[in-house]
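Q: Below are the sequence and a predicted model; questions follow.
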Amino acid sequence: MAAKINLPVLSPDGNLSRYLDQIRAFPMLEQKQEYMLAKSWKEKGDIEAAHQLVTSHLRLVAKIAMGYRGYGLPVADLISEGNMGMMHAVKKFEPEKGFRLATYAMWWIKAAIQEYILRSWSLVKIGTTAGQKKLFFNLRRIKGQIQAIDEGDLKPEQVTHIADQLNVTEAEVMSMNQRMAGNDRSLNVPLSRDGEGAGEWQDWLEDDGIDQETSFAEHEEYSARQSLMMDAMKDLNEREQRILQARRLAEPPLTLEDLATEFSVSRERIRQIEVRAFEKLQKAVRDKAAELKLLPDADGDPALLPH
């Protein structure tokens, strides 16, 4: 399908503002219209129907891609990879399952972009363990929560907080922070290289038209996640449920020390229970999502569960 669908292209040295104007011209689809187009593509191989399904979601791709701009890679490449993920989503989408395409596509788009980022940074830079990958994609988010996004070296208490949140060592947090330092892009940088008449990154991020589409997709995705997770929670015992809810779902989450006191066990024991319970929950969610054909691949998507 990818070879037959012509999409607007943003070259590395192209004008991002012009590209965004181009993709805004593609209309969003009503649910019934989306369903009929998806059926036409699935049953008849209708390329024009597939084209409409893809182009109506290009703004969603661009919005998601912008969320990964802090990894030091060209936004044009992030968007291109996201568009590939969008085309794969359309190819695999089954409208009879009852989910909107935006919900399903978000996971494919994120998976494609994250895979590109991991390849670009190389395994030597980011490591290969699941914990290191989770740290890689969540470090900036947590630094933002603790208002440390603009700092270079983290303070000892910040390192401890992040390590505690992500169940990694403090050494891993410090190492990853150093590797990622200096790659954040200022939101006040002009969109185009010549800086003439294109506005700034933050101007586009505040665009209401794009926020409307993203808000809808995120609402649909959240509902799907919650449904899958609540079913999967039934596979855990009461202690596992309590610890996971307190550590992963509560805001702010309880510390390991708080739960160790509550259950009269060691901090390390709480951490072990949390890790084991999360693995059980993750497997149950993935099995259910795979059954509903909501995942890009057998490994699932890192955004399915709260980190």
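A: Looks like it arrived, so ask away.
Q: When you work out contacts or count neighbours from here on, use the C-alpha atoms and nothing else.
A: OK.
Q: Kindly list the single helix or strand of the chain that scores lowest on mean pLDDT.
A: When each helix and strand of the chain is scored by mean pLDDT, DSSP states H and E, helix 201-205 comes last, with a mean of 44.
Q: ok now whichever strand or helix holds residue 114, how far from the chain's centre?
A: Using DSSP states H and E, residue 114 sits within helix 101-126. Centroid separation for helix 101-126 versus its chain: 8 Å, with CA atoms, centre = their mean, to the nearest Å.
Q: Which strands or helices does the helix or strand that it is followed by pack on?
A: On the C-terminal side of helix 101-126, the closest following helix or strand by DSSP H and E is helix 130-145. Helices and strands touching helix 130-145, by 3 or more CA pairs under 8 Å, 6 or more residues apart in numbering; DSSP states H and E, are helix 101-126, helix 156-166, helix 170-180.
Q: Which one of those helices has the poorest average confidence?
A: Mean pLDDT is lowest for helix 101-126 among the helices and strands packed on helix 130-145, at a mean of 78.
Q: buried stuff in that one?
A: 101-114, 116-118, 121, 126 (16 or more other CA atoms under 10 Å).
Q: Identify the residues contacting the residue positioned nearest the centre of the chain.
A: For the chain, the residue sitting closest to the mean C-alpha position, by CA atoms, centre = their mean, is residue 110 at 4.7 Å. Applying CA atoms under 8 Å, 6 or more residues apart in numbering, we find residue 110 in contact with 64, 82, 85.
Q: from memory the last one sits against residue 108, does it?
A: Pointing back at residue 85 there. Yes: using CA atoms under 8 Å, residue 85 is in contact with residue 108, at 5.1 Å.
Q: and whichever strand or helix holds residue 275, what other elements does it pack with?
A: For residue 275, the host element (DSSP H and E) is helix 267-291. Packing partners of helix 267-291 (3+ CA pairs under 8 Å, 6+ apart): helix 208-233, helix 238-244, helix 256-263.
Q: Which of the ones you listed has the lowest mean pLDDT?
A: helix 208-233 (a mean of 57).
Q: wait, what's in contact with the residue in the chain sticking out farthest from the centre?
A: Here the chain reaches farthest from its C-alpha mean at residue 264, the gap being 36.4 Å by CA atoms, centre = their mean. For residue 264, no residue meets the contact criterion (CA under 8 Å, 6+ apart).
Q: The one 5 residues further on too?
A: Applying CA under 8 Å, 6+ apart, one finds that residue 269 lies in contact with residue 260.
Q: pLDDT score for it?
A: On the pLDDT scale, residue 269 gets 93.
Q: any idea how far it lies from residue 245?
A: Distance from residue 269 to residue 245, counting by CA to CA, to the nearest Å: 16 Å.
Q: for residue 53, same thing?
A: In terms of CA to CA, residue 53 sits 37 Å off from residue 245.
Q: out of these two, which sits in the busier spot?
A: residue 53 (25 against 16; other CA atoms under 10 Å).
Q: if I look at the residue farthest from the centre of the chain, how far off is residue 33?
A: Distance from residue 264 to residue 33, by CA to CA: 57 Å.
Q: just residue 98 next, same as before
A: From residue 98 to residue 33 the distance is 14 Å (CA to CA).
Q: What of residue 19?
A: In terms of CA to CA, residue 19 sits 25 Å off from residue 33.
Q: More neighbours: those two, which one.
A: Using other CA under 10 Å as the criterion, residue 19 and residue 33 rank with residue 19 on top: 16 against 12.
Q: quick one: the more buried one is in a helix?
A: Yes: membership of residue 19 in a helix is supported by DSSP: H, G, I helix; E, B strand; the rest coil.
Q: contacting residues for residue 246?
A: 253-254.
Q: What about residue 95, how many residues nearby?
A: Neighbours of residue 95 (other CA under 10 Å): 17.
Q: in what helix or strand does the closest residue to it other than its chain neighbours lie?
A: Leaving aside its sequence neighbours, residue 95 sits nearest to residue 35 (CA to CA, 6 or more residues apart in numbering; 5.9 Å). Residue 35 is part of helix 31-44 when elements are defined by DSSP H and E.
Q: which secondary structure elements does the helix or strand following that helix contact?
A: Elements were assigned by DSSP H and E; along the chain past helix 31-44, the next helix or strand is helix 47-55. Applying 3+ CA pairs under 8 Å, 6+ apart, we find helix 47-55 packed against helix 31-44, helix 75-92.
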